[in-house]
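Trainee: structure for the following, please:
(one chain, ligands or ions: 2)
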Amino acid sequence: MTRSPELEDLEREIARLRTRLQVFEAMREGVQVLDDRLAYVWLNPAASGHGRQDTEALVGRRMMDVYPGVETTEMYGRLERCLETREPDGMENLFVFPDGSSRWFDIRIQPVPDGVMVLSVDIDERKKLEERALAAERMEALGQLAGGIAHDFGNLLTGILVGVGVVLETLDPASSEAASLRLVHASAERGTQSVRELMDFARGRKVHLSPVALDAALDLALDALSERVAPRVLDIHLDSGAVVLGDAGQIDRIITNLVTNAEHATRDDGRIAVRTRLRGDHAVLVVQDDGAGMSPYVLQRALDPFYTTRGDAGTGLGLATVSALVARMGGSLDLESVQGRGTTVTIDLPVVRERPRSP
Ligand SMILES: Nc1ncnc2c1ncn2[C@@H]1O[C@H](COP(=O)(O)OP(=O)(O)O)[C@@H](O)[C@H]1O
Ligand SMILES: [Mg+2]
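Mentor: Numbers count the residues shown, from 1 in each chain. Ligands and ions are numbered 1, 2, ... in the order given. Presented below is the predicted three-dimensional model:
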C-alpha cells in the first residue's frame, strides 16, 4: 500500500518536532511554562529537578499550592508582573524549599501564549564561591582594623585595671568608693574579654603553624566544654588519627566557638555531636547540633564578622574567627543549616606526615 505524500510530510514533521522536544528534555537548564494562574502547564526534567518535584506532581497545580509562601517572594511578584505587562524579566533568585533549605538560580521570565515561561539555571555553586571570596576580602580588611583597635584598646584596659587595682588597695573595702571602683574593675575585665575575642579573630591570619595531633588537641578542649554544655549530650567520636598543621590553641578556639554556638542554639535536652575522621589526605571535623538552625538569610551572613542574632550577648566574631583560623590552616569550612532541625559545621583540614611536636 502506498502512502499519501501528505502522510509522509506529516511523519517527517512529527520526527522533526520529536528531535526538538528531545533537546528540551535533555537540557540542563530548566524550562517551565505556567498559565495565567501560575499553574504548571509543562516542564522539562531539569525544571522539575530544580523544584525537587516529580513532573506529574506539578502539572495542573498552582505554584503557591506546591510551594506555600512563594506568593510573598519577589520572584512570584515578577511572574505576576510579566503576566500582566507581557515584558520579559530576569533575576538571581535564592529559592527557599518547603524544608527550609535553599538554592540560587538565575531565572529568565518570558511571556508566552499560555502564560509565562521560566528558564532556570542552577548557579548555587558559583554564588557561594563569590560570596566566600567577598567574605574573605571583607575579613582581611576587618582583621587588620580589628587587630589594631584591639591592641590599643587592650593596652588602655590594662592601664585602667592596674590603676584601679592600686587605688582599691588604699580604700576600705566596705566603703562606697571601693564598691564603685569594683564595678569599674569588673567592666574593664569584661572589656578585656571582648578584646581577647577580637585579637583571636585578627590573629586568624598570622599564627605559627606546626604539626599537631588533631584528635588529642580536640579531646583536651572538649574535656572542659562537656561540663559547660551540660545537661546537653556531647557525643564525641574522634577517629581521624590525623596530624594537621596548626597549634593546639587554635584548635581549642575553633571547637570552643563551634560548641558554644551549638549550645546557644539547642535546648537543655539537645544533642551536640563532634566527629573527626580521615578522608583521603584530609581530616574532617564535623560539629552537628539538633538545635534551632538558621534561616537561609542568617545562614548567608553567619560567617560575616560582627554579624550576630544574639543582640548584646553576641559579638558576631565566633564563626568569623573559626573561618579565619581554618583558612590559615589551609582548610575549608562548610555551613549547613535547616531552620528548626539543626546545624552542621564541616571543617576540612589537610593532613601532614610529620609527627606532632607535643602529644
Ligand atoms: N549552631 C548554630 N545554630 C544556629 N545558629 C547559629 C549556630 N552557629 C551560629 N549561628 C548563627 O550565626 C550567628 C553568628 O555566630 P557567631 O559568629 O558565633 O557570633 P555570635 O555567637 O556572637 O552571635 C549567631 O548569632 C547565630 O544566629
Ligand atoms: Mg558564637
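
Trainee: what domains does the record give for the chain?
Mentor: The chain is divided into the following domains under automatic domain parsing: 5-122, 125-203, 208-359.

Trainee: between those domains, which gets nearest to ligand 2?
Mentor: domain 208-359 (2.7 Å; C-beta to the ion). Any C-beta I mention is one placed from the backbone N, CA and C, and that applies to glycine too.

Trainee: kindly report the residues of this protein close to ligand 1.
Mentor: Residues of the chain lying near ligand 1 by C-beta under 6 Å from any ligand atom: 257, 261-262, 265, 289, 291-294, 298, 302, 307-310, 314-320, 343.

Trainee: show me the subset of those residues that also lies near ligand 2.
Mentor: Counting by C-beta under 5 Å from the ion, 261, 318 from the residues of the chain next to ligand 1 sit close to ligand 2.

Trainee: in the stretch 1-150 of the chain, which spans are helices?
Mentor: Listed in chain order, the helices of the stretch 1-150 of the chain (DSSP state H, counting those that start in this stretch) span residues 5-26, 45-50, 55-58, 63-66, 74-85, 124-170.

Trainee: now for the longest one, which elements pack on it?
Mentor: The criterion is 3 or more C-beta pairs under 8 Å, 6 or more residues apart in numbering; DSSP states H and E, and the helices and strands that helix 124-170 contacts are strand 102-112, helix 176-203, helix 318-328.

Trainee: quick one: residue 237 is in a helix?
Mentor: No. Counting by DSSP: H, G, I helix; E, B strand; the rest coil, residue 237 falls outside a helix, being strand.

Trainee: burial of the closest residue to residue 64 other than its chain neighbours, as a residue count?
Mentor: Spatial nearest neighbour of residue 64, excluding adjacent residues (C-beta to C-beta, 6 or more residues apart in numbering): residue 71 at 4.4 Å. Residues lying near residue 71 (other C-beta atoms under 10 Å) number 15.

Trainee: before we move on, what about residue 148?
Mentor: Residue 148 sits with 12 neighbouring residues when counted by other C-beta under 10 Å.

Trainee: cool, residue 83 as well?
Mentor: Using other C-beta under 10 Å, residue 83 has 17 other residues around it.

Trainee: next up, the contacts around residue 102.
Mentor: Residue 102 is in contact with 94-96, 296, 299, counting by C-beta atoms under 8 Å, 6 or more residues apart in numbering.

Trainee: what is the neighbour count of residue 220?
Mentor: Counted by other C-beta under 10 Å, the residues lying close to residue 220 total 14.

Trainee: hmm, back to that, in CSV, list the domains of the chain along with mean pLDDT.
Mentor: Listed next are those as CSV, based on pLDDT from 0 to 100:
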stretch, mean pLDDT
domain 5-122, 94
domain 125-203, 86
domain 208-359, 91
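
Trainee: can you list the residues of the stretch 1-150 of the chain near ligand 2?
Mentor: Counting by C-beta under 5 Å from the ion, the stretch 1-150 of the chain has no residue next to ligand 2.

Trainee: hmm, back to that, which ones among the residues of the chain next to ligand 1 lie within helices?
Mentor: Using DSSP state H, 257, 261-262, 265, 298, 318-320 are the members of the residues of the chain next to ligand 1 that sit in helices.

Trainee: out of those residues, who's nearest residue 272?
Mentor: Taking C-beta to C-beta as the measure, residue 272 lies nearest residue 262 of these, at 4.5 Å.

Trainee: I figured that closest one hits residue 293, correct?
Mentor: No. Using C-beta atoms under 8 Å, residue 262 is not in contact with residue 293, being 11.0 Å away.

Trainee: those two: which is more packed in?
Mentor: More crowded of residue 262 and residue 293, by other C-beta under 10 Å: residue 262, with 27 against 19.

Trainee: list only buried entries from the ones in helices among the residues of the chain next to ligand 1.
Mentor: For these, a burial check counting by 16 or more other C-beta atoms under 10 Å picks out 257, 261-262, 265, 318-320.

Trainee: between these, which is closest to residue 127?
Mentor: Closest to residue 127, out of all of those and judged by C-beta to C-beta, is residue 319, at 19.0 Å.
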